[in-house]
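A structural model of the following input is requested.
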Amino acid sequence: MNDTNGAPAAPLAIEVRDLHKSFGDQRALRGVDLVVAEGTTCVLVGISGSGKSVLMKHIMGLLKPDRGSVRVQGKDLAQMDEAGLNTMRRDQGILFQANALFDSLTVFDNVAFPLRERTKMSEAEIQETVNATLGKVGLSHAATRFPGELSGGMQKRVGFARATILQPRILLYDDPTAGLDPLTTAAVNEIILTSKQQLGATSLVITPDVATAFGMADHLALMDEGRVVEYGPPETFRESQHPAVKAFLRNWLARRSKKDSAKGSAPG
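You can find the predicted model right below:
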């Protein structure tokens, strides 16, 4: 497979073909096609209920297709048993919307958890690895604190540190900037970009925020009513004439304008 310049295209880390999934009478996915090349960042955008999270759960191997296929690193997930799926998941780092931290564990122990569960590292090796990882996300000073003592942005960084501690080849982000202020959002976006540079990882990011999407994506995919209706780099996405893309961007701009107006009219 070659790109438009004749150079060999990067291998595919994620390949979804004609994916269908229903829950009772609700058709969540209606023939999704999506490819993500190794080492690139693809951002999924779309309104709530468009199928983004259902698609990601298929890529994680948590759901099985009614029809179609999902291949990760060239392997068809439908052909894997539970042991194979668990092996595949070890190569995925997942940052959940709500961080999914253990409230009863310190920051250090939250980040160390994957190492203790999935490796045979000694405690001395774990100590060294966790300390280095916390240093990369600016949390060395918070190692002994508990999640409830941290701000939302710091909790995101702990979640990121835990998601990347095993140096996965694929990183999955489910709305990583949900509920964060603009400064913290910018910091989280910077962390995602840094992970791509440091790990060379493939990233799939779900976000409703267009500014976030344009700032980090190599490619954007708009989901609408259970399908990917537009896919391309940010510059072509902005110029798309697809009605769903134009409506999505128009609605996002209207929401942002309304939010900015509310801030401007707030008492000082």
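
once you drop chain neighbours, what's closest to residue 156?
Nearest in space to residue 156, with sequence neighbours left out and distances taken as C-beta to C-beta, 6 or more residues apart in numbering, is residue 188 at 5.3 Å. (Each C-beta comes from the backbone N, C-alpha and C, glycine too.)

packing partners for the host helix or strand of the one you found?
Counting by DSSP states H and E, the element that carries residue 188 is helix 182-199. Applying 3 or more C-beta pairs under 8 Å, 6 or more residues apart in numbering; DSSP states H and E, we find helix 182-199 packed against helix 152-164, strand 170-174, strand 202-206, helix 210-216.

and it, which residues are buried?
184, 185, 186, 187, 188, 189, 191, 192, 195, 196, 199 (16 or more other C-beta atoms under 10 Å).

distance check, the residue nearest to residue 156 against residue 243.
31 Å (C-beta to C-beta, to the nearest Å).

then residue 158?
Residue 158 is 41 Å from residue 243, by C-beta to C-beta.

all strands for the stretch 1-150 of the chain, in order.
Under the criterion DSSP state E, counting those that start in this stretch, the stretch 1-150 of the chain contains strands at 12-23, 26-37, 41-45, 67-72, 75-76, 92-95.

ok now the shortest one, how far from the chain's centre?
Relative to its parent chain, strand 75-76 has a centroid offset of 20 Å by C-alpha atoms, centre = their mean, to the nearest Å.

remind me which residues of the protein are low pLDDT?
Across the chain, the ranges flagged by pLDDT under 70 are 1-9, 97-98, 256-268.

spatially central residue for it, please.
residue 173 (1.9 Å; C-alpha atoms, centre = their mean).

for it, which non-adjacent residue is closest in space?
residue 205 is the one closest to residue 173 (C-beta to C-beta, 6+ apart), at 4.4 Å.

enumerate every residue touching the one you found.
Applying C-beta atoms under 8 Å, 6 or more residues apart in numbering, one finds that residue 205 lies in contact with 41, 42, 43, 44, 173, 176, 192, 212, 213, 216, 217.

repeat that for 10 Å
When contacts are counted by C-beta atoms under 10 Å, 6 or more residues apart in numbering, residue 205 touches 41-45, 56, 95, 171-177, 189, 192, 212-213, 216-217, 220.

repeat for residue 33
Neighbour list for residue 33: 15, 16, 17, 18, 19, 68, 221, 227, 228, 231 [criterion: C-beta under 10 Å, 6+ apart].

specify which member of those residues is nearest to residue 51.
Proximity of those to residue 51 (C-beta to C-beta) peaks at residue 227, which lies at 7.7 Å.

so what's that closest one bridging to?
residue 224 (DSSP bridges).

hmm, it is touching residue 16, no?
No - the pair residue 227 and residue 16 does not pass the contact test of C-beta atoms under 10 Å, sitting 11.2 Å apart.
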